[in-house]
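> One predicted model, sequence on top.
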Amino acid sequence: MSDKRRKPSSSGRHPEEKQWVLAAQKGDNVAFEKLVRLHQRGVYRWAYRMVHTHDAADDVAQEVFVRLYRVLERIDPERPLSPWLCRVAINLSTNYLRKQKTRVSLDDNPGMEAIITPPDDPDHPMAKHRRKQFIAKLEKAIINLPPKFKSVFILRVQESRSYEEISEALGLTMGTVMSRLSRARARLRKELGDELDKLRM
């Protein structure tokens, strides 16, 4: 059975990831390409939700895998690769945000709809208009979050990661994760007021 048809194990890790890491560490470029294909969509998604532009997210994703290749021999094959990739993607995205002022359009961020609870009558024109206005406000508010708060908020709300997963991915203590998430919510609540209650948080 090809790697494209194999499903992740119950732990969420691809059943052949460990073997691919071991093979790649021995110089098997095909195995490394399999690792890239396995994780490239996730890495791009993490980057995009931080930097909000395709070109920047693509650049970040490519740099993540360049760095993986450079440190491959130090990667522990017994541990899932995803948390390490997430941490590097978030760090590189944060560095990008420090240097750039980014703009985002509603059409370029389809993930925003996924974190809003639909109104009682989502098909009503006024409901659609209010939802679109709220999404636009939310996008702007999230963009303006300090990167250290934004990364935690994105992983918790948009990626639905557990506190433990966020802690491992970002290399933070559980207390720091919870504190930063609380401060991110507080900042958004201050800006959006009661509208924030529409978030599934």
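That came in fine, so what should we check first?
> going forward, measure contacts between C-alpha atoms and count neighbours the same way
Fine.
> Any regions of this protein where pLDDT drops low?
The chain contains residues with pLDDT under 70 at 1-12, 100-130, 194-201.
> hmm, 50 instead?
1-11, 102-120, 124, 199-201 (pLDDT under 50).
> Spell out, range by range, the helices that occur in it.
With DSSP state H as the criterion, the chain has helices at 17-25, 29-51, 54-70, 82-99, 125-143, 147-153, 163-170, 174-192.
> tell me which residues in stretch 168-185 are buried?
Glu168, Ala169, Leu170, Val177, Met178, Arg180, Leu181, Ala184, Arg185 (16 or more other C-alpha atoms under 10 Å).
> Domain ranges for the chain, per the record?
Per automatic domain parsing, the structural domains of the chain span 13-102, 104-201.
> just checking, which of those domains sits deepest inside the structure?
Greatest average neighbour count among those goes to domain 13-102 (a mean of 18), per mean count of other C-alpha atoms under 10 Å.
> gap between that domain and the chain center?
Distance, stretch centre to chain centre, for domain 13-102: 12 Å (C-alpha atoms, centre = their mean, to the nearest Å).
> What's the separation between Phe153 and Cys86?
14 Å (C-alpha to C-alpha, to the nearest Å).
> who's in contact with the residue most central in space within the chain?
Nearest residue to the geometric centre of the chain (C-alpha atoms, centre = their mean): Trp46, 2.8 Å. Shown in contact with Trp46 (C-alpha atoms under 8 Å, 6 or more residues apart in numbering): Cys86, Ala89, Ile90.
> How about Phe65?
By C-alpha under 8 Å, 6+ apart, the contact set of Phe65 is Val36.
> one step back: pick out whichever of the contacts of Trp46 sits closest to Glu164.
The shortest approach to Glu164 among the contacts of Trp46 belongs to Cys86, at 13.6 Å (C-alpha to C-alpha).
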